[in-house]
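**Q** Need coordinates for the below:
(chains A, B, C and D)
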Protein chains: 2
Amino acid sequence: MTSKATTQDQILDLAQQYIQQRGYNGFSFRDLANGVGVKSSSIHYYYASKTDLVVAVTGRYRKGFSAATDQLKVNNLTAADVLKAYAQIFKSTLEDNKRICLCAMLASDFDSVEAAVTDEVKAFFADQYKWLASIIASGISHGTIRGDIVPDEFAVLYFSALEGAMMLAKANDNPADIELVANQMITMTQRAA
Amino acid sequence: MTSKATTQDQILDLAQQYIQQRGYNGFSFRDLANGVGVKSSSIHYYYASKTDLVVAVTGRYRKGFSAATDQLKVNNLTAADVLKAYAQIFKSTLEDNKRICLCAMLASDFDSVEAAVTDEVKAFFADQYKWLASIIASGISHGTIRGDIVPDEFAVLYFSALEGAMMLAKANDNPADIELVANQMITMTQRAA
DNA sequence: ACTCGCCTATCTATCACTAGATAGGCGTCA
DNA sequence: TGACGCCTATCTAGTGATAGATAGGCGAGT
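**A** Below you'll find the model as predicted:
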């Protein structure tokens, strides 16, 4: 009946989970093989090298994340509400088996991975900066965000703080800190001058 | 002559550097041994296990960091200036061979390390939160920081943002982003109501 | 309709290498 | 003479990767 998850999809799903939980150097082809129920050579059949596998996972993640953020735009919410919803993605990710942003993990592992991976990670960050800056700019033009905020700069701040909060919230086992961090920044974008 | 760096100190120094650059799973006893100029068994002579080694590195790092932050307090600077100087520690660390905060790296590797390590990492974070909150509270009482800031909450925000910015600045090869992030937050603590 | 050729997906078995860890020895210096 | 500091040698367990085999499906040509 249902559940037509192919072996390849299962490999990608589990690899993503492992990277988000343990990082690039924290899992092996055998871990993956055991989890999926095949032999490690079968993973090599789909992905010649670990780099190839991680590039595939990261590309899929980037697409999926962009699809998720684009959905936040459709309703006619204020910029502050969109930013809050964006932060909820981070909190939900952490609450899903203590996962960290895939690209944050890979960024920590930058010195261990090949350029094909770092390129994909950098592209993800660029995507997010651009998307956040557009949300902020829109808020300013609608008058719901202070006019002295610089969209490109606040995008870096907001994203940095969420990534950092995610890591700390995992260490301290306190996902609510992500909201605490997001809400303080959002308040600051609205406080009257 | 000079340079009395003992083998043990060299081991700790290099282990710290490797953790900050590659994370817990990104270096081996052999890497360390080659770098110091001894055999890997000699490292086991000082530290029975990798866990023991990392606990020692982390404890030393925590002490050293506290010593550095306590020095920022002595002069009669405004809270904003102290917070700026604090952010400079993060920028300098990144500029020193692209190192990330040791505890941020270990927090990313939480699922790979034993409790003895995570305890030390959590203690470091608690130290920093406490120190930052005291600086902020002092700024409020001196009237240089807005009274509607909550020290404990802003400490989490400020620290999260710096840790996140550090990781992103490394990935994007742009240490100045750390200052950009810090300055935006400091501005927000001072903007008139 | 049959079969030939090729593809897909997986297996077993193994490669060379690296991981952390351990046992025991040897020289130096107090 | 005994502890310290470091060595050689080795172990067990795993690493990513590769070779070669196999079972079954699918499509084209006769």
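**Q** who's in contact with the residue nearest the centre of chain A?
**A** Among the residues of chain A, the one closest to the centroid is A:Cys101, at 3.9 Å (Cα atoms, centre = their mean). Shown in contact with A:Cys101 (Cβ atoms under 8 Å, 6 or more residues apart in numbering or on different chains): A:Gln20, A:Phe90, A:Thr93, A:Glu163, A:Met166. The way it works is simple: take the backbone N, C-alpha and C, and place the C-beta from them, glycine included.
**Q** Relative to chain B, which of those is nearest.
**A** Each of these was checked against chain B using Cβ to the nearest Cβ; the closest is A:Glu163, at 3.9 Å.
**Q** which residue sits closest to the closest one in space, ignoring its chain neighbours?
**A** Excluding the flanking residues, the one nearest A:Glu163 by Cβ to Cβ, 6 or more residues apart in numbering or on different chains is B:Gly164, at 3.9 Å.
**Q** Also A:Ala87?
**A** In space, and not counting its chain neighbours, A:Ala87 is closest to A:Ala182: 3.5 Å by Cβ to Cβ, 6+ apart.
**Q** how about the one you found, what does it touch?
**A** Applying Cβ under 8 Å, 6+ apart to A:Ala182 gives the contacts A:Leu83, A:Lys84, A:Ala87, A:Tyr158, A:Ala161, A:Leu162, A:Ala165.
**Q** re the thing from before, surely the residue nearest to A:Glu163 and A:Ala161 touch.
**A** Yes: with contact defined as Cβ atoms under 8 Å, B:Gly164 and A:Ala161 form a contacting pair (5.8 Å).
**Q** shared neighbours, these two?
**A** Joint contacts of B:Gly164 and A:Ala161 (Cβ under 8 Å, 6+ apart) are B:Val181.
**Q** Need the mean per-residue confidence for stretch A:174-186.
**A** For stretch A:174-186, mean pLDDT rounds to 98.
**Q** Check which residues of that stretch are buried.
**A** Neighbour-count burial for stretch A:174-186 flags A:Pro175, A:Asp177, A:Ile178, A:Glu179, A:Leu180, A:Val181, A:Ala182, A:Asn183, A:Gln184, A:Met185, A:Ile186 (criterion: 16 or more other Cβ atoms under 10 Å in any protein chain shown).
**Q** of these, closest to A:Thr118?
**A** If you rank those by distance to A:Thr118 using Cβ to Cβ, A:Ile178 comes first, at 25.6 Å.
**Q** give me every residue that touches that closest one.
**A** A:Ala87, A:Phe90, A:Lys91, A:Leu94, A:Leu162, A:Ala165, A:Met166, A:Ala169.
**Q** Tell me which helix or strand comes right after the host helix or strand of the fourth one.
**A** Put plainly, it is A:Leu94. Using DSSP states H and E, A:Leu94 sits within helix A:79-95. Once helix A:79-95 ends, the next helix or strand along the chain (criterion: DSSP H and E) is helix A:102-108.
**Q** Can the following helix or strand past that following helix be said to contact DNA strand D?
**A** Downstream of helix A:102-108, the first helix or strand assigned by DSSP H and E is helix A:115-141. No: contact of helix A:115-141 with DNA strand D is not found when judged by Cβ under 7 Å from any atom of the strand; the minimum separation is 11.9 Å.
**Q** Nearest to DNA strand D: which residue in chain A?
**A** Residue of chain A nearest DNA strand D, by Cβ to the nearest atom of the strand: A:Ser28 (2.9 Å).
**Q** Contacts only, for that residue.
**A** Taking Cβ under 8 Å, 6+ apart, one finds A:Ser40 in contact with A:Ser28.
**Q** What is the neighbour count of the closest residue to A:Thr93 other than its chain neighbours?
**A** Nearest residue to A:Thr93 in three dimensions, chain neighbours excluded: A:Arg99, at 5.1 Å (Cβ to Cβ, 6+ apart). Residues near A:Arg99, counting by other Cβ atoms under 10 Å in any protein chain shown, number 20.
**Q** Contacts only, for A:Arg99.
**A** Each residue near A:Arg99 by Cβ under 8 Å, 6+ apart is listed here: A:Gln17, A:Gln20, A:Gln21, A:Thr93.
**Q** and what of A:Leu180?
**A** Applying Cβ under 8 Å, 6+ apart to A:Leu180 gives the contacts A:Ala165, B:Glu153, B:Val156, B:Leu157.
**Q** Can you add secondary structure and pLDDT and give those residues back as CSV?
**A** Shown next, in CSV, are those (DSSP: H, G, I helix; E, B strand; the rest coil; pLDDT from 0 to 100):
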residue, secondary structure, pLDDT
A:Ala165, helix, 98
B:Glu153, helix, 98
B:Val156, helix, 98
B:Leu157, helix, 98
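**Q** if we take the residues you listed, which one ends up nearest to B:Gly35?
**A** A:Ala165 (34.0 Å).
**Q** so the closest one sits right up against B:Val156, yeah?
**A** Yes: under the criterion of Cβ under 8 Å, A:Ala165 makes contact with B:Val156 at 7.4 Å.
**Q** before we move on, which element is A:Asn34 in?
**A** Here A:Asn34, judged by DSSP H and E, is contained in helix A:29-36.
**Q** how about the nearest residue to A:Asn53, chain neighbours excluded?
**A** If you look again at residue A:53, you'll see it is Leu, not Asn. Leaving aside its sequence neighbours, A:Leu53 sits nearest to A:Tyr47 (Cβ to Cβ, 6+ apart; 3.8 Å).
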